[in-house]
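Visitor: just the structure for this:
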Amino acid sequence: MSRSVEQDDNNLFLDFSRGMSSGSSLTATNSSIMTGKTRTRNDRNEATESMQEAHCAAHKDTSEAITLALQQLQATQSPDGSWRGDYGGPVFLLPTLVAATRIIDQPFDADIERDFVDYFKHNQNHDGGWPLHTGGASYVYTTALCHVALRLLGLPADDPDLRRSRSWLLDHGGATHVPPWGKFILALLNLYDYDGVMPVPPELWLLPEALSAHPSRFWCHSRMVYLPMSYLYGIRAQASLSPLLCELRREIFCEPYEDIDWHATQTRCAPSDVYTPLSRTYRVLNQLLNGYEVVANKTLRSRANAFVLDQVRQEDENTNYVCIGPINKVLNMLCWHFAEPGGSRLAAHLRQLPEYLWKGAHGTHMQGYNSSQLWDTSLAVQAVCATGRVDEYQVMVEKAHGYIEQNQVLEDVPKRQIYYRDASKGGWPFSDRKHGWPISDCTAEGLKCAIALQPWVHEPIDGQRLLDAVDLILGWQNSDGGWPTYEKARTFSWMEALNPSVVFADVMVDCSYVECTSACIQALASYSHLQSASARTARIEGAIERGRRFLLKRQRADGSWIGSWGICFTYGTWFAISGLRAAGLAADSDPIRRAAEFLIAHQLPDGGWGETIDGCKRRVYASCAKGQVVMTAWALLGLVQSELADSEAVGAGVRFLCSRQQSDGGWSDEAIAGVFNRTCAIHYDNYCRIFGLWALAAVEQRTRAAGKDASGLAAGSLQSDTRAQRIQNG
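Guide: Numbering: from 1, shown residues only. This is a model prediction of the structure:
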């Protein structure tokens with residue numbers, strides 16, 4: 001870097017309380033550099049003394065903030081060594097669960113169900129509808145299901161909030177305008193005729209597996225939803241009609257139930273709910289499937305149902321009845337209710353239901369996974385490591401390492417090819433080993449932590465288990481050089497044209513993601529520095545290079561990357577910068593420079609960064625009115641790895657984080673920062689305390705490095721610059 005240490009330190013800690021605009025931050029940085037070049041020697045000496053004083057004061061404040069944040073992290077660690085927090089936000093999950101418990105006649109206890117009511121009431125919008133996720137606009141899908149759920153929970157039809165929801169629902173076309181998943185849940189409740197449900201015949205699973213459109217080739221989350229759905233559709237599963245259900249039939253439709261042309265409603269959906277319209281290809285396929293239903297052979301249907309139920313059984317056993325996610329958890333449970341009423345498999349499902357529940361300040365809700373424990377714990381460990389104070393928090397780190405060690409997946413699932421599963425051995429899941437589905441970025445983050453903590457723990461994870469993780473990561477890489485989520489892509493991108501969900505995007509193919517690719521590159525780069533890595537050197541180097549090319553190809557013209565699992569551009573850009581630095585790009589390389597300039601251009605007047613989920617939907621940056629702690633941290637973590645690591649913008653971001661920190665060392669919840677499938681926001685309870693700490697620590701480490709050497713490197717990038725030197729030399 002060409003700037004002097006004095007200039008870097010000064011720019012980093014300038015007082016931004018005046019509220020400099022984001023567009024002027026970069027200009028001001030460049031201006032201060034030019035001014036520094038023309039100062040007289042006396043002016044420079046005076047300025048240096050002033051800068052050093054300002055640096056000392058600001059460093060003390062940042063150091064204290066880091067100490068408080070570390071203490072907060074320590075105080076919130078669970079006894080098992082993990083950080084467990086709420087992974088909620090999607091409102092459509094809980095009514096699906098309530099519907100299932102009524103179908104099987106296994107309600108929760110009264111206190112929990114009162115909490116469910118509180119949750120529904122809290123999340124109802126002013127217009128009377130319910131959103132897809134907390135804080136969002138009303139959807140017909142969620143409104144219909146939440147209205148029904150509250151009635152099933154005992155609220156009368158004349159409840160004021162239910163009168164408002166019914167009015168909103170009917171004004172938007174009624175329940176015939178819910179999207180396909182909503183129609184299916186209503187059909188299970190005997191509130192919708194199966195003639196109005198788009199066919200999901202189980203016979204599709206008996207088609208030749210070589211077909212690109214075979215269900216086994218779907219992205220695993222979609223596959224595991226449509227698997228039990230096809231069984232339930234195949235047997236036309238429905239609850240017994242009760243007086244309450246008869247009342248609901250009269251409440252949620254605009255016309256009398258008996259007069260509805262059900263077949264005509266199959267593809268009908270309210271405009272408010274449509275994000276991915278049904279393609280012409282899918283509409284043709286739907287017509288063909290309707291035709292098949294007319295002539296479906298009973299013997300073949302029975303054979304298909306048996307095949308699907310066996311697949312459901314294996315998924316349940318592989319995941320200890322937790323299942324990959326909440327929707328397929330509920331649907332799998334219903335399969336056993338209808339296949340083996342009152343049986344042991346249904347009982348096993350019921351025992352695991354509490355795994356998905358979270359009691360919060362506004363009631364109890366269903367989470368988007370059984371937990372995010374492994375993911376959160378791996379991020380927390382890296383935040384602690386970034387502080388350089390691991391020795392001061394030895395007990396906390398040892399416990400966290402214990403959780404990571406205990407939750408690595410040690411074996412592949414039985415007969416994995418028959419049950420359409422990839423290898424699992426060596427991976428880490430999003431939550432815990434019991435869940436059983438390893439994910440590429442969770443495996444990468446777990447591996448990074450295992451390596452980083454080797455010098456600090458009594459019993460590091462042994463070399464063979466690290467190698468198992470590396471082999472799994474290498475095997476996951478897609479042909480385009482990027483990494484998917486759970487499985488190497490099994491079909492072509494055009495399969496997205498068969499997306500039947502309407503509400504969500506990117507649900508058919510496990511394509512490559514910026515975040516997963518970055519995490520895997522970083523993990524492989526970390527492993528490559530171990531002495532035991534020589535056996536995989538060539539494969540690792542090749543995989544990193546292909547990943548590097550993937551990330552460069554995905555960079556947008558404005559220098560940014562779109563994130564898919566966090567909102568949105570700050571998240572994707574931080575990950576991409578981290579991956580490229582680990583792959584060998586220098587801090588002053590053109591892609592990193594353009595990324596840093598993008599981030600600085602979107603800084604808010606308060607010194608922070610903030611985005612809304614609209615950016616995920618519209619694929620353009622959608623700024624919040626005020627800065628958000630988590631997104632500010634992501635931006636800083638990206639900038640600190642660039643040549644603008646010591647800019648005024650970084651100083652503003654640091655001051656923003658310090659000003660938002662609470663007296664206990666934590667940060668208060670703000671806008672939801674997570675997202676999935678572009679349209680649904682999801683909350684990570686631990687993100688504020690983890691990323692606030694991590695960003696402050698990274699900046700502090702960068703400042704210390706710059707204070708020792710004018711060419712100081714961003715925290716965590718030593719291996720990156722070593723790799724960069726090898727690239728330049730060879």
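Visitor: next, please give the residue ranges for the helices of the stretch 451-600 of the chain.
Guide: Ranges of helices within the stretch 451-600 of the chain are 463-476, 514-528, 537-554, 569-582, 590-601, based on DSSP state H, counting those that start in this stretch.
Visitor: tell me the mean pLDDT over the helix or strand just after the shortest one?
Guide: Using DSSP states H and E, the next helix or strand after helix 590-601 towards the C-terminus is strand 609-611. The pLDDT scores in strand 609-611 average 97.
Visitor: determine the longest strand present in this protein.
Guide: Criterion DSSP state E: the longest strand present in the chain is strand 623-628.
Visitor: gap between that one and the chain center?
Guide: Centroid separation between strand 623-628 and its chain, computed with C-alpha atoms, centre = their mean, to the nearest Å, is 20 Å.
Visitor: hey, C-alpha coordinates of stretch 616-625 in PDB?
Guide: Provided in PDB are the C-alpha atoms of stretch 616-625 (Å, rounded to 0.1, in the frame of the first residue of the first chain):
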ATOM      1  CA  CYS A 616     -32.800  -9.800  -3.000                       C
ATOM      2  CA  LYS A 617     -36.000  -9.800  -4.900                       C
ATOM      3  CA  ARG A 618     -35.200  -7.000  -7.400                       C
ATOM      4  CA  ARG A 619     -31.400  -7.800  -7.600                       C
ATOM      5  CA  VAL A 620     -30.400  -4.200  -7.000                       C
ATOM      6  CA  TYR A 621     -29.100  -2.600  -3.900                       C
ATOM      7  CA  ALA A 622     -32.000  -1.500  -1.700                       C
ATOM      8  CA  SER A 623     -30.800   0.600   1.200                       C
ATOM      9  CA  CYS A 624     -32.300   1.000   4.600                       C
ATOM     10  CA  ALA A 625     -32.900   4.500   5.900                       C
END
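Visitor: contacts for that stretch next, please.
Guide: Outside stretch 616-625, the residues that touch it by C-beta atoms under 8 Å, 6 or more residues apart in numbering are 275, 560, 562-564, 567-569, 602, 604, 610-615, 631, 671, 675, 678-679. Quick note: C-beta positions are derived from backbone N, CA and C, even for glycine.
Visitor: I'd like to know how far the nearest residue to Tyr513 once chain neighbours are set aside sits from Glu496.
Guide: For Tyr513, ignoring the flanking residues on the chain, the nearest one in space by C-beta to C-beta, 6 or more residues apart in numbering is Ser564 at 5.0 Å. For Ser564, the distance to Glu496 equals 14 Å [C-beta to C-beta, to the nearest Å].
Visitor: higher neighbour count, the two?
Guide: Comparing Ser564 with Glu496 by other C-beta atoms under 10 Å, the one with more neighbours is Ser564, at 23 against 17.
Visitor: identify the residues contacting the more buried one.
Guide: Going by C-beta under 8 Å, 6+ apart, Ser564 touches Asp506, Tyr513, Val514, Glu515, Gly572, Cys616, Val675, Phe676, Arg678.
Visitor: what's the first helix or strand after the longest strand of the chain?
Guide: Downstream of strand 623-628, the first helix or strand assigned by DSSP H and E is helix 629-639.
Visitor: would you mind getting the angle between that next one and strand 623-628?
Guide: 90 degrees (axes from the mean of the first three to the mean of the last three C-alpha atoms, to 10 degrees).
Visitor: buried ones in helix 629-639?
Guide: Val629, Val630, Met631, Thr632, Ala633, Trp634, Ala635, Leu636, Leu637, Gly638, Leu639 (16 or more other C-beta atoms under 10 Å).
Visitor: and these as CSV, adding distance to Tyr393 and pLDDT?
Guide: Supplementary listing: those in CSV, determined by distance: C-beta to C-beta, whole Å; pLDDT from 0 to 100:
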residue, distance to Tyr393, pLDDT
Val629, 22, 97
Val630, 22, 98
Met631, 26, 98
Thr632, 24, 98
Ala633, 20, 98
Trp634, 23, 98
Ala635, 26, 98
Leu636, 22, 98
Leu637, 20, 98
Gly638, 26, 98
Leu639, 26, 98
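Visitor: got a markdown table for those residues, with distance to Arg536 too?
Guide: Formatted as a markdown table, the buried residues of helix 629-639 follow (distance: C-beta to C-beta, whole Å):
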| residue | distance to Arg536 |
| --- | --- |
| Val629 | 39 |
| Val630 | 35 |
| Met631 | 36 |
| Thr632 | 37 |
| Ala633 | 33 |
| Trp634 | 31 |
| Ala635 | 34 |
| Leu636 | 33 |
| Leu637 | 28 |
| Gly638 | 29 |
| Leu639 | 32 |
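Visitor: which one of those sits closest to Gly89?
Guide: Val630 (13.6 Å; C-beta to C-beta).
Visitor: pull the number of nearby residues for the closest residue to that closest one other than its chain neighbours.
Guide: Spatial nearest neighbour of Val630, chain neighbours left out: Ala673 (4.4 Å); criterion: C-beta to C-beta, 6+ apart. The number of residues packed near Ala673 is 29, by other C-beta under 10 Å.
Visitor: any idea how far Ala535 is from Ala673?
Guide: As judged by C-beta to C-beta, Ala673 and Ala535 stand 39 Å apart.
Visitor: and the gap between the closest residue to Gly559 other than its chain neighbours and Asp558?
Guide: For Gly559, ignoring the flanking residues on the chain, the nearest one in space by C-beta to C-beta, 6+ apart is Arg594 at 3.2 Å. Here the distance between Arg594 and Asp558 works out to 8 Å (C-beta to C-beta).
Visitor: the two: which is more packed in?
Guide: The neighbour count for Arg594 versus Asp558, taken as other C-beta under 10 Å, is higher for Arg594 (18 against 14).
Visitor: got a pLDDT number for that one?
Guide: Confidence at Arg594, expressed as pLDDT, is 98.
Visitor: my read: it touches Leu552, true?
Guide: No - the pair Arg594 / Leu552 is not scored as a contact, 11.0 Å apart, by C-beta atoms under 8 Å.
Visitor: pLDDT weak spots in the stretch 401-550 of the chain?
Guide: Of all residues in the stretch 401-550 of the chain, those with pLDDT under 70 make up the ranges 532-533.
Visitor: could you do the stretch 251-400 of the chain as well?
Guide: For the stretch 251-400 of the chain (pLDDT under 70), the answer is none.
Visitor: tell me which stretches of it form strands.
Guide: Here the stretch 251-400 of the chain has its strands, by DSSP state E, counting those that start in this stretch, at 357-360, 363-366.
Visitor: just say which of the ones you listed is most tucked in.
Guide: Most buried of those by mean neighbour count (mean count of other C-beta atoms under 10 Å) is strand 363-366; its value is a mean of 22.
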